[in-house]
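Asks: next one to model:
(one chain, ligands or ions: 2)
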Amino acid sequence: MTKSAFIAITGRPNAGKSSLMNLLVGEKVAIVSEKPQTTRTKINGILTKGDTQYVFIDTPGMHRPRTKLSEEMIKSVKNSMEDVDVAILMTDATKRISKTEEELIESFRSRKLNVILLINKVDLLKDKSELLSVIDRLSKLYDFSEIIPISVRNRVNTELILPAVDKFAKEAPHYFPDDLPTDQPEKIWLAEIVREKILRTMWEEIPHGVAVQIESLEETKTNRGENIVDLGVVIICEKASHKGMLIGRQGAMLKKIGTIARADLEDYFETKVNIKIWVKVKEDWRNKEAFILEMGLGAED
Ligand SMILES: Nc1nc2c(ncn2[C@@H]2O[C@H](COP(=O)(O)OP(=O)(O)OP(=O)(O)O)[C@@H](O)[C@H]2O)c(=O)[nH]1
Ligand SMILES: [Mg+2]
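Replies: Ligands and ions are numbered 1, 2, ... in the order given. Sure, this is the predicted structure:
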């Protein structure tokens, strides 16, 4: 008999949802950054343990939409709640509950979802007694199946999450191969790794207005006969002024982004990687539906 559980991980931007999914799956499936709205689509992280397959669905952080892209992000959060066995609501222990978090709770209520509340970042609480009032306030908002204060960063109570989720696993086939950590296409994941470096290197609106596409991927040999992966990457930004910043003085910024991305990609491919990056401008693309869909950033993807 096999079991499977579908688990949506929802919450405010920057709560630590993707960090948690990566920790549970044991692989870097979703990118992580200190900036809100890092995740743009729902991403499956798959863990098979014994007879049970857990399919975690990482979602974009709930926020007020300001662009067509944000609208798609919010829709994908809603879509990810359909047909799951349980949802996780991840909050930030240092922040008051927001309007959009309240809206999330309303959609749990209308769907009568089982919800596990994870209060993350307890490592940042100076006075641990604060936690009691946080728990008290949140527990009144919904009939949560469990409330667990955690720190993904310091691995506090994170071992309690799988047993909490396990209660909702159902007798079912495994829907994915047992050794697959994600069903994201490789090129999408590679593009995300490059976007992560941009999120970590650039500031203000620039990283939020960037999309990344892998244009070519070729495994070849160097003159000396060593294996090498050649990657062609296109960074699309929304303004000509952003293009200049992304390239930097004499290409310094692109070089920096390429160098830090290469370190991760060489670990992944276990060979040398050569990255060529181009920057293109697509004016205001975050409000252009056809382009959003073409880039695979639509909610239905
Ligand atoms: N102090 C602290 N920081 C954490 C913890 N968990 C995650 N973070 C940090 O919080 C930031 C956001 O983490 P993400 O995992 O990208 O957050 P997210 O909820 O997926 O964010 P969005 O994709 O934007 O919705 C990163 O800088 C993480 O390193 C934690 O337990 N404690
Ligand atoms: Mg995320």
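
Asks: and this structure, which residues reach ligand 1?
Replies: 13-19, 32-34, 36-39, 60-61, 120-121, 123-124, 151-153 (Cβ under 6 Å from any ligand atom). Every C-beta, even on glycine, is put in place using the N, C-alpha and C of the backbone.

Asks: write a ChimeraX command that selects only the buried members of those residues.
Replies: Only the buried entries of those go into this ChimeraX selection, using 16 or more other Cβ atoms under 10 Å:
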select :13,14,15,16,17,18,19,32,33,37,38,39,60,61,120,121,151,152
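
Asks: among the residues of the chain next to ligand 1, which lie within strands?
Replies: When DSSP state E is applied, the residues of the chain next to ligand 1 are split such that N120 fall in strands.

Asks: report the secondary structure element holding W189.
Replies: Assessed by DSSP states H and E, W189 sits inside helix 186-201.

Asks: packing partners of that helix?
Replies: If contacts are counted by 3 or more Cβ pairs under 8 Å, 6 or more residues apart in numbering; DSSP states H and E, helix 186-201 sits against helix 205-208, strand 211-221, strand 227-237, helix 252-269.

Asks: make a markdown table out of those and add mean pLDDT and mean neighbour count.
Replies: Formatted as a markdown table, those follow (pLDDT from 0 to 100; neighbours: other Cβ atoms under 10 Å):
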| stretch | mean pLDDT | mean neighbour count |
| --- | --- | --- |
| helix 205-208 | 96 | 19 |
| strand 211-221 | 97 | 15 |
| strand 227-237 | 98 | 19 |
| helix 252-269 | 97 | 16 |
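
Asks: the residues of the chain next to ligand 1 also near ligand 2: which ones?
Replies: Contacts with ligand 2 within those, as defined by Cβ under 5 Å from the ion: K17, S18, T38, T39.

Asks: now, the most widely separated pair of these?
Replies: Largest separation among those by Cβ to Cβ: K17 and T38, giving 9.3 Å.

Asks: identify the contacts common to these two.
Replies: Taking Cβ atoms under 8 Å, 6 or more residues apart in numbering as the criterion, K17 and T38 both touch G61.

Asks: and the residue of this structure that's closest to ligand 1?
Replies: Nearest residue of the chain to ligand 1 (Cβ to the nearest ligand atom) works out as G61 at 2.7 Å.

Asks: for that residue, give its distance to V25.
Replies: 19 Å (Cβ to Cβ, to the nearest Å).

Asks: go through stretch 187-206 and flag the buried ones.
Replies: 188-202, 206.

Asks: for those residues, which one is nearest R66?
Replies: Nearest member of the buried residues of stretch 187-206 to R66, counting by Cβ to Cβ, is I206, at 15.8 Å.

Asks: residues contacting the closest residue to the closest one other than its chain neighbours?
Replies: Of all residues not flanking I206 in the chain, H242 sits nearest, at 5.1 Å (Cβ to Cβ, 6 or more residues apart in numbering). Listed by Cβ under 8 Å, 6+ apart, the contact partners of H242 are E205, I206, G209, V210, V281.

Asks: the last one bridge partners, please.
Replies: To tie it back to what came earlier, the one meant is V281. C237 (DSSP bridges).

Asks: now do the contacts for it.
Replies: Counting by Cβ under 8 Å, 6+ apart, V281 makes contact with I236, C237, E238, K239, A240, H242, K243.

Asks: give me the neighbour count for the residue of the stretch 51-200 of the chain found nearest ligand 2.
Replies: Closest residue of the stretch 51-200 of the chain to ligand 2, Cβ to the ion: D58 (5.9 Å). As a burial measure, D58 scores 26 neighbours (other Cβ atoms under 10 Å).
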